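Student: Here is a sequence together with a model predicted from it:
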Amino acid sequence: MQAKKTVLANQSLWATKAGLKLDAKGYFPSWEENLHRPLSGQALAAFRRGSGNELQDVENRAAKMRAAHSSSALVVNVFDYWSESADQVLSALGLPTGGRSVSFEAQFPTGLEGGPANLDVCVERADGSLVGVESKFTEWLTPKPASKEYFKPKYFPADKKVWESLGLRGAQRLAEDVHARAKHFRYLDAPQLLKHALGLATSKRAFELYYLYYDCVGREADVHQTEIQDFRRCVGEDFTFHVGTYQEAYARIREQAAESDAAYLAYLDARYFA
């Protein structure tokens, strides 16, 4: 857990230098204080519509975007700046351009009961295909218990293999193995990625799934990398699975930035990438 402690300490130090106050759990008084600039109109609407309680305090639990270590704050601090430029987002991810739109908290219903998962970012290409981005800040650094039930029974109806019915045979086998506890991912949230793949496939549109995470040095990172490769091997024939780090994305952004982007770059550099 040392890597996570280091990230949290760096966020606390940044807040202090910026003249901002955090509570004992590392939360700002408001989510607005956690952002470089106000959310764009479409991002604000998306987070209000989403089911992740990012902006609302609920049942004695602070809104998630109030946390200095918030993944949603990280993703909007980096990408909402480019929300009107899908090609810039694709370039930051190291992907070919040709984007049409960018959306946050994208939802792709699977047809199963209950609400769909929220995909952090989705870029629609001009040809209608989708690039779904799942973002992680410190979440992946917390080990996941092997005893946890990662899939609800709805994902395994008696009369249907839900992933395989959409052509995702490798994903089906992997989901079954995780559900049966025959395979366990300690740091990579493979079940969440599988759920996103199911939602994207249900849309009947060509798609790519991108796993974007904030890199850290340590033993956790080595295990994480092994699990990423294992996941890719299991689903490799089902869909294109990309992996990248925020550090790599930021380096690409800096290479293409203009002088007018100086304040944005200075904020990101001081807070996340110094």
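Tutor: Good, I have the coordinates. Numbers count the residues shown, from 1 in each chain.

Student: Does Ile253 fall in a helix, a strand, or a coil region?
Tutor: Counting by DSSP: H, G, I helix; E, B strand; the rest coil, the backbone at Ile253 sits in helix.

Student: Identify the residue nearest it in space, chain neighbours excluded?
Tutor: Ala92 (5.1 Å; CB to CB, 6 or more residues apart in numbering). In short, each C-beta sits where N, CA and C put it, glycine included.

Student: correct me, but that neighbour touches Ser85?
Tutor: No. With contact defined as CB atoms under 8 Å, Ala92 does not count as touching Ser85 (9.9 Å).

Student: Show me which of these two is the more surrounded one.
Tutor: Ala92 (24 against 15; other CB atoms under 10 Å).

Student: Spit out the contact partners of the more buried one.
Tutor: By CB atoms under 8 Å, 6 or more residues apart in numbering, Ala92 lies in contact with 78-79, 82, 249-250, 252-253.

Student: Buried among those? Need that as a selection in ChimeraX.
Tutor: Selecting the buried subset of the contacts of Ala92 in ChimeraX, with 16 or more other CB atoms under 10 Å as the burial test, is done by:
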select :78,79,82,249,250,253
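
Student: need the strands for the stretch 151-274 of the chain, in chain order.
Tutor: According to DSSP state E, counting those that start in this stretch, the stretch 151-274 of the chain carries its strands in the segments 207-213, 240-245.

Student: Tell me which of those strands sits nearest to Phe137.
Tutor: Of all those, strand 207-213 sits nearest to Phe137, with 7.8 Å by CB to CB.

Student: Need the mean per-residue confidence for that closest one.
Tutor: Mean pLDDT, strand 207-213: 98.

Student: which neighbours does that strand have in its sheet, and in what orientation?
Tutor: Sheet pairing here is set by DSSP bridges, and for strand 207-213 it gives strand 130-136 (parallel), strand 240-245 (parallel).

Student: Rounded mean pLDDT for the last one, please.
Tutor: Read that as strand 240-245. Across strand 240-245, pLDDT averages out at 98.

Student: next one: the first one
Tutor: For strand 130-136, the per-residue pLDDT values average out at 98.

Student: coming back round to it: just put the strands paired with strand 207-213 in CSV and tack on mean neighbour count and distance to Arg66.
Tutor: Converted to CSV, these look like this (neighbours: other CB atoms under 10 Å; distance: least, CB to CB, whole Å):
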stretch, mean neighbour count, distance to Arg66
strand 130-136, 22, 17
strand 240-245, 16, 25
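
Student: Tell me which of these lies nearest to Tyr272.
Tutor: Using CB to CB, the nearest of the strands paired with strand 207-213 to Tyr272 is strand 240-245, at 11.3 Å.

Student: Please state the offset of the closest one from the chain centre?
Tutor: 11 Å (CA atoms, centre = their mean, to the nearest Å).
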